[in-house]
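Participant: model the following, please.
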Amino acid sequence: MIGYQDILKAVVKRLNTTHPTIPIYGDEVTEGYKLPCFFTTLLPIESETQTKNYISTNLLIVISYFSDCKDSLKCLEVMSKLKQAFGICLSVEDRHFTIQDSIIEKVEKDIYQFSFHITYHELINFEPDNELITTIEHHIEGRNE
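Facilitator: Numbers count the residues shown, from 1 in each chain. Alright, predicted model coming up:
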């Protein structure tokens with residue numbers, strides 16, 4: 001089962017690959033950070049039971065870029081590079097999640113955000129109602145000609 005921590009680690013790994021010199025903080029950091037930097041946030045939007053064995057989860061992932069530059073074109077270039085780096089798929093362990101609804105927006109004077117959704121399905125509480133078949137015997141009778 002994939003955890004939120006696993007997904008956030010995959011996001012941070014991708015950020016480190018594309019922008020290795022820019023520090024990355026979690027949303028719990030409110031002071032003492034150095035500019036420029038990224039902040040990552042993962043927000044569970046919805047979990048819906050599909051069947052008694054499967055659940056569908058929708059997450060919003062937000063990457064905020066706090067710039068030390070007043071040039072908005074340079075900031076947009078950083079965000080565009082970020083969007084290209086994430087592309088259409090986020091790999092987490094042995095799973096691959098499709099990135100949906102990716103958006104780049106300017107939030108405040110020198111703060112930009114790249115956000116996207118991922119939806120995934122997981123097996124939960126699988127306990128068979130009946131005893132599982134372990135052996136099958138099959139006999140075929142042929143025609144004599």
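
Participant: run through who's touching stretch 82-98.
Facilitator: Contact with stretch 82-98 is made by 2, 6-7, 9-11, 14-15, 17-19, 61, 63, 65, 99, 102, 104, 114, 116, 118-120, as judged by C-beta atoms under 8 Å, 6 or more residues apart in numbering. For every residue, glycine as well, the C-beta is placed using N, CA and C.

Participant: need the three-state assignment for the closest residue to E48 other than its chain neighbours.
Facilitator: Leaving aside its sequence neighbours, E48 sits nearest to S56 (C-beta to C-beta, 6 or more residues apart in numbering; 4.9 Å). For S56, the assignment made with DSSP: H, G, I helix; E, B strand; the rest coil gives strand.

Participant: and S56, how many neighbours?
Facilitator: 14 (other C-beta atoms under 10 Å).

Participant: wouldn't it be in contact with I45 here?
Facilitator: No - at 11.0 Å, S56 does not count as touching I45 under the criterion of C-beta atoms under 8 Å.

Participant: quick one: contacts for the residue nearest to E48?
Facilitator: By C-beta under 8 Å, 6+ apart, the contact set of S56 is 46-50, 119-121.

Participant: what about 7 Å?
Facilitator: Each residue near S56 by C-beta atoms under 7 Å, 6 or more residues apart in numbering is listed here: 48, 50, 119, 121.

Participant: that one and D71, how far apart?
Facilitator: According to C-beta to C-beta, to the nearest Å, S56 stands 42 Å off from D71.

Participant: residue ranges with poor pLDDT in this structure?
Facilitator: Where the chain drops to pLDDT under 70, the residues are 126-129, 143-145.

Participant: which residues in it form helices?
Facilitator: 4-18, 72-86 (DSSP state H).

Participant: and these as a markdown table, adding distance to R95 and mean neighbour count?
Facilitator: A markdown table is the format used below for the helices of the chain (distance: least, C-beta to C-beta, whole Å; neighbours: other C-beta atoms under 10 Å):
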| stretch | distance to R95 | mean neighbour count |
| --- | --- | --- |
| helix 4-18 | 9 | 15 |
| helix 72-86 | 15 | 14 |
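
Participant: right, and the ones you listed - which one's nearest H138?
Facilitator: Among the helices of the chain, helix 4-18 comes nearest to H138, with 42.7 Å by C-beta to C-beta.
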